[in-house]
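K.L.:
For reference, the sequence and a predicted model appear below.
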Amino acid sequence: MNLRTKYSIKSLKKIWYVPILLIAMGIMMIRTLLMARLLSIEAFGEFSFGLLVSSSFNMLNCLGLQIILQRDLPMMILRHHEKAGALLLSQCLIVSSACGCLIFFIIFITNILAFDIQVKFMLAGLLHGLAQQIFLIATTESRSRGQPVRYSLQYLAKSSGIIAIGGLIASTTGSAFLTLVAETLVVIITIQKLLVSVYRNASIKFIHALHLAIRKLPNLQWKASIWLFLASSTTFLMFNIDRWIASHTFNKADFGLYTFAGIILIVGQMIQSLVNTTVFPMLVRHNATFGKVHTYFLSLKISGSLFFAWAMLSIAIWLIMNYGFIHIFPKYQNIKPLLPWFMVIASFRIAGVWSSFLIIIGNNIQLFILKISTITCSILLWTLYIYAFHTNIINLTNLAAFSGVLSICDYLVTMAAAWQTTYKREPQIP
C-alpha cells in the first residue's frame, strides 16, 4: 500500500465521524420532541427541569479539571504516558463524584422537611447530570487518541439507548421522573463498559488508579482549573439563565412551552458543537503560525460565514416549526411568538467564535470579567424595562427577549474585546 493510499484511508476515517456524530445528535433532538409528544405539557416541564439541573451540574467541569484533562491527555498519550493520563482521568472521576454527593446531600438536608416535587426532580436531574459528566470524562480518552469514529460510535450507542429506553418508559408510564431515572441507568451501563476499555488501554487496574489518584489530588493544577471553571461556568450561565428564571417563575405548563420553543437552540447548540470541534484547533494552529492579527480576521470570516449559513438554514427551520411541528404538537400552539426571538438567539450563539479567540490568546481572566459584567448589566436593564412599563410580570415573550438581548450583547462585547486585544499597542521599552 503506497503513501497516497494510506493517507486517503486515514482522511476517510476522519471524515466518517461527522455523519455518525450528526446522527447521534439528531437522535438526542428527536428524543426531546418525542418526550414533548408522549408526556403532558406539565410532565414535559418537569422533564425539562430535570435536564436543566443535569446540564447545570455538567457546568462544573469537575471544578475545571475536565478542561485540563481535555487539554493534557492528548499529549500524555502521544508521549506514551498512558498511566499518568489514566490517573488524571481518575482524578476527574473522583472530583466529579465528590461534587455530586456534596450537592445531593445539601439539597436533601435543606429540603427534608419540605420534600416537594421540585426537589424530587432536582435530585433526579443531579444524578442524571453526574452520569452524563462521567460519560464525557470517559470518552475523553477516545477523542485524545485521535479516534473520532470510535467516539462518535460511543455517543451513538448512548443516544440510541436513551431514546429507546426513555421513550418506552415515557409512553408506558407518562412519568417524567421515571423517564429521567431510566435515562440515567442507560448512561451508567454505557460508562461502565467505557471505563473498562479506558483502563485496559492504559494497562492499569481501576482500583490501583483510584488509589494513586486520591494520593496525588493535592498536586493538581488547582489554580488553573479554578480559573477555567469560572470561565466555563459564566458561559453556561449566559446560555441558561433564562431557563432558570423560567423554572422558578412559570408554572409547569408554561415552562414546558418555553422549553419546547427552545428546541431551536438545541439545533443551534448541536451545530455550534460540531463547528467548534474543527474551528477551535484550527484557530490555535493559525495563531501559532501567523499571529493574532491574522487569527482575528480568520475568526471574523468564520463568524460571518456562520451567520450567513444559519440565515439560510433558519428559513427551513421556521417553516418546519411554524407549519409542521405546530400541527403535530397542537398543545404547543402558543409558542409561535417566541420563534423569531429564538432564531435570533441561535444565530448569535452559533457565530460567537470570539470567546474561543480570547481563550486561545490567553485572555481567560478578561473573558470571565466581560461575561459577568454582561450578565449583570443585562439583568439590571431588563429589570428596569419590566418595571418601567409597569408590567411587573415575567412572561414567555419578555423572557425570550431578555435571552436574545443577552446573546447579542455577549457577541458584541467579546468581539470588541477581541478587536481591542488584537490592535492594542505594546508598551515600548526605552
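P.N.:
Received, thanks. Residues are numbered from 1 along each chain as shown.

K.L.:
Just confirm Tyr296 contacts Trp419, I think it does.
P.N.:
Yes. Counting by CB atoms under 8 Å, Tyr296 does reach Trp419; the two are 7.1 Å apart. Any C-beta I mention is one placed from the backbone N, CA and C, and that applies to glycine too.

K.L.:
between those two, who's got more neighbours?
P.N.:
More crowded of Tyr296 and Trp419, by other CB atoms under 10 Å: Tyr296, with 22 against 14.

K.L.:
who are the neighbours in contact with the more buried one?
P.N.:
Phe357, Ala418, Trp419, Thr422 (CB atoms under 8 Å, 6 or more residues apart in numbering).

K.L.:
Contact partners for the third one?
P.N.:
Spelled out, it's Trp419. Tyr296.

K.L.:
And it, how far from Phe297?
P.N.:
Between Trp419 and Phe297 the computed distance is 11 Å (CB to CB, to the nearest Å).

K.L.:
try Leu156
P.N.:
From Leu156 to Phe297 the distance is 37 Å (CB to CB).

K.L.:
Repeat that for Trp354.
P.N.:
Using CB to CB, one obtains 13 Å as the distance from Trp354 to Phe297.

K.L.:
So if I had to pick from the two, which one is more boxed in?
P.N.:
Using other CB under 10 Å as the criterion, Trp354 and Phe297 rank with Trp354 on top: 24 against 13.

K.L.:
you'd agree the more buried one is up against Ala417?
P.N.:
Yes. Judged on CB under 8 Å, Trp354 makes contact with Ala417 at a distance of 7.2 Å.

K.L.:
pLDDT weak spots in the stretch 301-430 of the chain?
P.N.:
321-326, 389-392, 424-430 (pLDDT under 70).

K.L.:
rerun that using 50 as the cut-off
P.N.:
Scanning the stretch 301-430 of the chain for pLDDT under 50 picks out the ranges 426-430.

K.L.:
How about the contacts made by Ile359?
P.N.:
Shown in contact with Ile359 (CB under 8 Å, 6+ apart): Ala231, Leu367.

K.L.:
Need phi/psi at it.
P.N.:
Here is the backbone geometry of Ile359 (degrees, to the nearest 10): phi -70, psi -40.

K.L.:
That one and Phe260: what is the separation?
P.N.:
According to CB to CB, Ile359 stands 33 Å off from Phe260.

K.L.:
One more: Arg200?
P.N.:
Separation of Arg200 from Phe260 (CB to CB): 42 Å.

K.L.:
which of the two has more neighbours?
P.N.:
More neighbours surround Phe260 than the other of Arg200 and Phe260, with 25 against 11 (other CB under 10 Å).

K.L.:
What helix or strand is the more buried one located in?
P.N.:
According to DSSP states H and E, Phe260 maps onto helix 252-261.

K.L.:
right, and Val267 touches Ala346 too?
P.N.:
Yes. Using CB under 8 Å, Val267 is in contact with Ala346, at 7.1 Å.
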